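Student: Sharing a model that was predicted from the sequence below.
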Amino acid sequence: MATYLEDYAEGETYEFGRYAFTEQNIIAFAREFDPQAFHVDPQAAAAGPFGGLVASGFHTLSAMMRLLVDHFISPEASLGSPGMGEIRWLAPVRPGDVLGARLTVTERRLSRSRPDRGALVQFIEMVNQDGTVVMTAVGTGFYRRRPRED
C-alpha cells in the first residue's frame, strides 16, 4: 500500500532495518571517503584514540540513509529533502556491530503554498545490537499528500 503524508502521525515511532558493519566494509568506505588511520588501518587503530578500528561517522550516516530508503521513505510520495541536521555520533561503531534505525515523527505540516504536499520532521536514532544509541539526527522530508479521488 502506498504511503502519503497523511499516513504519518506526529509522535509515531518506527523501528526497522539491520545494517552489519564488518572490518571489510568499514575499511572500504573509509578508504574512499574518510581515510583516517582509525578507520582504515587495524594496527594503527589499536594504538589510536578508540583502541581499535571504528567506522567513519559518515559510514553510519550512509547506513542510516540506506535503511530509510529501504524501510521508511515512500517511493510514491517522497519529494526529497531540504536537509538533515543535528547529527551526533554518540558511540563508536566497530566491526561486528549491527545497527537498526528508530525514527520518531516529530512534526507533520502542510505546505502553505502547495496544497498537494507537506513536510515530515523526524528524529532518527541508529541503535546497535546492545540497545546503545550510536548516532542521532534530525531530518526533514517533503511528501505528497494522498491524491484526491473526485
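Tutor: Received it, and whenever you're ready, just let me know what you need.
Student: Which strands or helices does the helix ranked longest in the chain pack on?
Tutor: Among the segments of the chain that qualify as a helix by DSSP state H, the longest is helix 57-71. Applying 3 or more CB pairs under 8 Å, 6 or more residues apart in numbering; DSSP states H and E, one finds that helix 57-71 contacts strand 13-20, helix 23-33, strand 83-89, strand 98-110, strand 117-127, strand 133-144. From N, CA and C alone the C-beta is placed, and that goes for glycine too.
Student: So for residue 63, which of these sits nearest?
Tutor: strand 13-20 (4.1 Å; CB to CB).
Student: which of the residues in the longest helix of the chain are buried?
Tutor: Within helix 57-71, the residues that count as buried by 16 or more other CB atoms under 10 Å are 57, 59, 60, 61, 63, 64, 65, 67, 68.
Student: State the distance from the fourth one to residue 106.
Tutor: Meaning residue 61. For residue 61, the distance to residue 106 equals 19 Å [CB to CB, to the nearest Å].
Student: Need the mean per-residue confidence for stretch 137-150.
Tutor: Stretch 137-150 shows a mean pLDDT of 91.
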